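**Q** sharing a model that was predicted from the sequence below.
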Amino acid sequence: MDDCVFCRIVRGELPASVVHEDAHTLAIMDLGQVNPGHVLVLVKPHVQDIYGLDDELAGALFRTVARVARAVKQAMRPQGVTVLQANEPAGFQTVMHLHAHVLPRHDGDGVELSWPAKHPPKETLDRLAAQVRAALP
């Protein structure tokens with residue numbers, strides 16, 4: 001897409017601090033740097049979200065995410081690393097080009113993730129599993 005900021009970075013039209021590049025992915029420093037060493041891993045072709053991702057590109061994305069996470073852990077020495085991949089505005093996606101955040105974490109860094117667990121009974125979990133299983137290709 002001509003106006004997609006990540007597509008423009010992939011094409012070299014906008015500057016980026018490149019961490020890693022291969023045939024399918026590009027890893028760059030996030031301009032927002034929630035914590036030092038915050039990296040974005042993009043897929044090179046314009047794919048809006050995870051739903052449009054084929055298995056080959058999904059594998060390439062996660063290989064790069066894992067490789068970058070290991071490098072961030074070694075280079076930045078965080079207490080932990082959060083990997084976040086968001087889809088659609090309700091899922092917190094803000095740039096409509098598939099990417100994952102590799103975020104070094106430290107106790108008290110101010111990053112929060114609210115996870116209001118509901119703990120449904122096993123019967124409900126079984127019904128939900130069957131529903132998702134039926135939708136698998």
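**A** Good, I have the coordinates.
**Q** the residue nearest in space to the middle of the chain: what secondary structure?
**A** Geometric centre of the chain, nearest residue: A100, 1.5 Å, by CA atoms, centre = their mean. Counting by DSSP: H, G, I helix; E, B strand; the rest coil, the backbone at A100 sits in strand.
**Q** so what's it bridging to?
**A** V41 (DSSP bridges).
**Q** wait, it touches D49, no?
**A** No: in terms of CB atoms under 8 Å, A100 does not count as a neighbour of D49; the distance is 11.6 Å. Placement of C-beta: from N, CA and C, glycine included.
**Q** could you give me the average pLDDT of stretch 126-137?
**A** Per-residue pLDDT values over stretch 126-137 give a mean of 97.
**Q** that stretch: how far from the chain's middle?
**A** 24 Å (CA atoms, centre = their mean, to the nearest Å).
**Q** okay, it in CSV with CA atoms only?
**A** Output of stretch 126-137 as CSV, limited to C-alpha atoms (Å, rounded to 0.1, in the frame of the first residue of the first chain):
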residue,chain,number,x,y,z
ASP,A,126,-15.0,-28.0,26.1
ARG,A,127,-17.9,-26.3,24.2
LEU,A,128,-15.6,-23.3,23.2
ALA,A,129,-12.8,-25.7,22.1
ALA,A,130,-15.3,-27.6,19.9
GLN,A,131,-16.4,-24.3,18.4
VAL,A,132,-12.9,-23.2,17.5
ARG,A,133,-11.9,-26.7,16.4
ALA,A,134,-14.8,-26.7,13.9
ALA,A,135,-13.6,-23.5,12.4
LEU,A,136,-10.0,-24.7,11.8
PRO,A,137,-9.1,-25.2,8.1
